[in-house]
Structure formats: structure tokens, C-alpha cells
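Colleague: sequence isn't available, so here's the structure alone:
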């Protein structure tokens, strides 16, 4: 919240009254119908209670003007009172309930602004004010706030104004006012409130912490210090008024030495602050202390700073004050705009910034003409075919780089490919598990460990005996798949971007279909496992033959019971439960019926535990690839977090399909290659079960 105090900053606490700030009234909503009806909607409005703008004010106790700046962020503003319903008042009248016109709601800090909503009361006495607000007669709004912590920053120049940064403050109320509230009108030079003649209406004050910000080597700034307090610096605003009960206590006596302060002290403090700021700005703060103590003038201090900077530059080997770094050059910016324009032509819903908007509507040949001319070429008199040929040869990165047009197509193709790939309807990722990326194309060994051995009883003075873990394993590797097509020079001349987009999206769909096919092939091919037995086999206890037609809930119960009985490598019970019901499209209807929460048992005592929300709920997965093998076979799969089933992985750095482009040699155009590095393998038979669906 507020900054941490350091020995360089002098801190003091004073009592301050509520301060006022003008606000903005917006979005007034009039109640529909008669306001006197209890059920009529309330009138509301939205307010901006701060933007942190600087306001010129006057410090009566230090007798100097200053700039007050409210810090607007969530760590500096205490919104508790506004959040709990602070009052909307009539001209800051905090002494009567009749003066409350409504309530403040929904305070928020957004984009450097503090905003809130207000709701007006339905009382007959408030109706006139609501009408005046609607008629734009009452427009001025003011916020009353308490300042808890202020940083006093000295001026950077002689004769400048101090800046009081309110780093901790609390809005207390919001008021409709004829003239926006002003702190100067609330606190008089003598320290008495404007309503002091009414004892019961003594102004309330709140403790505020003042921090005079300065360098750790500098002398005290204008005002009081702990060692030499002055009358003005030590006096409260107003005089030590009690914040809790409204009573006024006597002001503390001024120190006798205060009146004897030398008249030149403000000038000395200004010089010290200027020297400290100068040294800090140029990174030579270590010089400030000695120059201030020795009475060095500001001009002499500037010369000393320049000498120190020159010495450092010479020691570093030369003048290095200016460093130029290229973040992005004009070519990169232009290529980004061209890419946006091409993607927008293909997909009108794609975002288009000002950079891409200047190229909107460019045909491929117009795009090529721009590339050639920016590279220093001249397209005047060229035919369309010549422009198409030349644009394929433009290289901003030099003779050995890839052509600009090929790079541009590669970026556009990658964006469209990923969109199509992610929208493809693959189902394998629902139940199969993804393995960490493969570092290379070598075979990967997946080791299965048995459960820990049973704990054995050990009698007094008995020895603990060793147990063993058994392991097994499967291996597989990532395989590369891909195809190459080309965007010919004729297609560029014909501006056939739709054909190019269809081709790229087809690549994305094909990649997703390939992954789906490779994963489900592990179920359909029934591969031999590491123990020499097929995945689905009677000896594995995960194959149901006759009588496994999926026609009632008991068949699912039999499959669940079989998975519960699976044992680990050391014969330990695993107590597995199926989580997914994988079926061909012919069994989709019955699969959803058996797993729906709306399933009605055929017998009154029957309970469907496979429904959504059941103790062993099943998620149906419908895959048309299974129909080509069998329209009746169905599968159960456990959650891959509980036991290994089928896992898949990508090559590291190439997750999903990847697009590469190259200027064609055999083909007159740009060759586009789509590559997918992907592998899948069944790891453990215990988490899978197959039912042939035989009668």
C-alpha cells in the first residue's frame, strides 16, 4: 500500500478534516411509473468519483500553495465504506438523516478511474431533487474523503509548487452540491471550521501521516523535522480536533526555537532538494551528500556531475549514454500487416488492426507488386505472369533466406491449419492419456510397476524383511506423416485464396483424423502386449464374448465387476472402475440411454449407478471408426489417472501439424508441406475391456 518509510523521509502525523472533490454524474435512469408506489423501480445514476487529476490547494499551516494528486489504484483507495453502502448526501450535510438522498453502490477502480452507482430514495422529500437531476438542473457532485497518508514531494525547480501525493485515502460519502466542495472553503486560516458557531456540528478530523520525500543524504525539506520542529509544521489541520467525539483539544505549544529559525532556511532546503534530484537523475547519488554539506551551489553541482559522468565514460572505453536497440524493423511490421490482411480476406471475422487495414483488399499480385517495389525493384511494364514470377524471388533476409512471399504464406497457413485442426471432431483425447513429448524418434520404453508389497507384522526385536517390486513394459516411437502440395504461379495470378484456404484446412482435418485413427487402431488391431498375449484375451480377463449384447444395464454391471477383479503384477487387487463407455455409432442411442440421468429402471428396486452423478458414472464416447470393425462391439476404459490405458505423444517442439513452405523448383510456385510427428500405444490391458456384443 503506502511506501515503506526510510531514514531519508521525515514522517509526522496530523489531524485533517474531510476533503472534497468534484465528480461527474452520468447515466441517470428515471423510475418508471409513479415514484410514490412502493414497488416502482428506483432512480439510479453512475458517478466518476476520481480520476487522480492534480488540484491546486493551499496549506494554511505551512502558508504555501501545493498540488494535491490522488493516487488511483486498488492499493491506495479504501473502498470499504462505499462497498457497504456509503450515503448520498445533500451538500455534505452529515448531521441529519433527512439530508441523505440515497445510497452508494458498486464502487470499482478501472483504467485509472474510480466509479460507483447511486440509488435515490423514494421519500417524497427527495422527489424534487430527483426531478432536478433528471432535468439537468442539479449537475454538480462532490465526494468527501479522508486522507490517511500523504507523501510531500518538494518542487524540482526554484519557485515551483510542492506536490502532495495522497497514497492512502478513503471515500466517505457522495453529495449533490450547488458548488463542488473545495478544501479551501472548509478549513480557514485560523484553523476553525465553517460551522464552528454550532457546537454540535464541530468538524470531524482524521489522523493523517505526512511523509516529506527526499534523498537519504539531503537536509530536511521545507517544514518541520523531528529535531527542529516549527510552529507551522507541528500544528494540526485544524487544531488537534478529536476524530472520535468531535471535541477540540488545545494545540500543542510551539517549540521556543521555532521563531528563531533563520530566514534563509527555505533557500537552503531548495538547494539541497535540487542537488539531490540532479544527482539521482544522472545516477550519481553518492555525490549529493558531500555537495550539500559543503554548501556547493547548484551550478557547481552541475559541473561536478558532468565531470563524474565524463570520468565514468572514459573508464568504460568511450561515450555510451545512448544505446539503440532494434525491437522490430519496418519489414517485420509490414509483413505482419500483410499477414493480417490475407487472413482477413480468408476469414472476415479475423481481427484487423490499423497495420493490416492499409493492405485490406490487396490481391496476391498487388501484394507481390508491393514486395518487389519495397525491395528496390521496378514493376512498371511487367505482365501479371512476370510479377508472379518475380515476387517468388524477393528475399528481405538476403540471397540465402526464404522468399518473403513463402514466409508470408507459411504464417497464414499455420494460423488457418491450427484453427481447422482444433475444430476437428476427434474423440480419442477424451479417454486416452497424453505422454510427455518425445525428444527424438527413438523407441520409448514405458515401464509398469506393480504395487508395493504387503506390509508384514514385525514382532518385538524382530527384523524388517525386504520386499520387491515387479515391472513390465511396452515400447513405441513417434512416426512422421506428411504430404506436399503447391500453390502454383497460375493460382497466384488467378488470386485463388479460397482454394489455398480449403487446402490448408483440409490438412488440419486430415491431421486430426490421422491421430484419431492411430489411437483407435490400438483397440481394433488387438496388438500383442509385452507379455506375449493379445490386448483383449480371456487370460487377461478383459474380453466378453457370448451374451455381451449391450441391451440392458446388467451387461455394464458385468463389465464393471470384471474390471474390479483385475490384479496387478504381484497379484495385488487394483479395484478399478470404468469411466468411459466407447461405442460405435450404431450403439449411440442405447449408450446415452444407459448413462443418462433420466434413465428409468425397468424394476422399482433397480438403481442405475452408471448415470451422470452415479457412483460409477460412465461418459459415453461415440466413434464411427469402430463401425468398420463391428457394429455390436463396445469397450469400457478406466480413467488414465487410475491406470494406464492408451497413451499418445508428439515430437518435442512439434505439437500437432506443422506447415513449411519452399519456393518450388519442379513446380512453378510455392511448395507447401504439412508434417505430423505422432505416436500412440496401448500400455496396460487392465484398464480396458472389450465386449464383442455377441448374443
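Modeller: Right, received. Where do you want to start? Note that the structure is predicted; figures quoted are calculated from it, not measured.

Colleague: helix, strand, or coil at residue 660?
Modeller: strand (DSSP: H, G, I helix; E, B strand; the rest coil).

Colleague: beta partners of the closest residue to residue 515 other than its chain neighbours?
Modeller: Take residue 515 and drop its neighbours on the chain: the residue closest to it by Cβ to Cβ, 6 or more residues apart in numbering is residue 678, 5.6 Å away. (Each C-beta comes from the backbone N, C-alpha and C, glycine too.) Per DSSP bridges, the residues bridged to residue 678 are residue 479, residue 650.

Colleague: and if you look at residue 661?
Modeller: residue 672.

Colleague: residues near the residue nearest to residue 515, how many?
Modeller: 22 (other Cβ atoms under 10 Å).

Colleague: now the helix ranked longest in the chain: how far from the chain's centre is it?
Modeller: Counting residues, the longest helix found in the chain (DSSP state H) is helix 497-524. Centroid displacement of helix 497-524 relative to its chain, using Cα atoms, centre = their mean, to the nearest Å, is 33 Å.

Colleague: could you identify the helix or strand that succeeds that helix?
Modeller: Per DSSP states H and E, the first helix or strand lying C-terminal to helix 497-524 is strand 543-546.

Colleague: before we move on, back to that, quick one, what contacts the residue nearest to residue 515?
Modeller: 478-479, 481, 514-515, 518, 648-651 (Cβ atoms under 8 Å, 6 or more residues apart in numbering).

Colleague: you'd agree residue 670 is up against residue 486?
Modeller: Yes - between residue 670 and residue 486 there is a contact under Cβ atoms under 8 Å: 6.4 Å.

Colleague: what about these two, which has more around it?
Modeller: residue 670 (25 against 18).

Colleague: quick check, the more buried one in a helix?
Modeller: No - counting by three-state DSSP, residue 670 is not found in a helix; it is strand.

Colleague: pLDDT score for it?
Modeller: Per-residue confidence (pLDDT) for residue 670: 76.

Colleague: over to residue 273?
Modeller: What the model reports as pLDDT for residue 273 is 82.

Colleague: just the buried ones among the contacts of residue 678, please.
Modeller: 478, 515, 518, 648-651 (16 or more other Cβ atoms under 10 Å).

Colleague: widest-spaced pair of these?
Modeller: Across the buried ones among the contacts of residue 678, no pair lies farther apart than 518 and 651, at 14.1 Å, counting by Cβ to Cβ.

Colleague: hang on, isn't residue 619 packed against residue 581?
Modeller: Yes - with contact defined as Cβ under 8 Å, residue 619 counts as touching residue 581 (7.1 Å).

Colleague: would it be right to say that residue 278 lies in a helix?
Modeller: Yes - assigned with three-state DSSP, residue 278 falls within a helix.

Colleague: from what I can see it touches residue 305, true?
Modeller: Yes - using Cβ under 8 Å, residue 278 makes contact with residue 305 at a distance of 6.1 Å.

Colleague: which stretches of the stretch 501-650 of the chain have low pLDDT?
Modeller: Under the criterion pLDDT under 70, the flagged ranges of the stretch 501-650 of the chain are 599-606.

Colleague: and if you look at the stretch 301-450 of the chain?
Modeller: Along the stretch 301-450 of the chain, segments meeting pLDDT under 70 span 317-329, 392, 394-404, 406, 445-450.

Colleague: residues touching the closest residue to residue 679 other than its chain neighbours, list them.
Modeller: Distances taken as Cβ to Cβ, 6+ apart put residue 478 closest to residue 679, at 4.1 Å, once the chain neighbours are dropped. Residues counted as contacts of residue 478 (Cβ under 8 Å, 6+ apart) are 438, 441, 649-651, 677-679.

Colleague: for these, which one is nearest residue 626?
Modeller: So of these, ranked by how close each gets to residue 626 (Cβ to Cβ), first place is residue 678, at 20.1 Å.

Colleague: pLDDT value on the closest one, please?
Modeller: 90.

Colleague: ok, now how distant is it from residue 439?
Modeller: Going from residue 678 to residue 439 by Cβ to Cβ, to the nearest Å gives 15 Å.

Colleague: now, which of the contacts of residue 478 sits nearest residue 169?
Modeller: residue 650 (53.9 Å).

Colleague: correct me, but the closest one touches residue 437?
Modeller: Yes - with contacts counted by Cβ under 8 Å, residue 650 reaches residue 437, the gap being 5.5 Å.

Colleague: residues of stretch 548-556 that come out buried?
Modeller: 548-550, 553, 555-556.

Colleague: next step: those restricted to helices.
Modeller: 553, 555-556.
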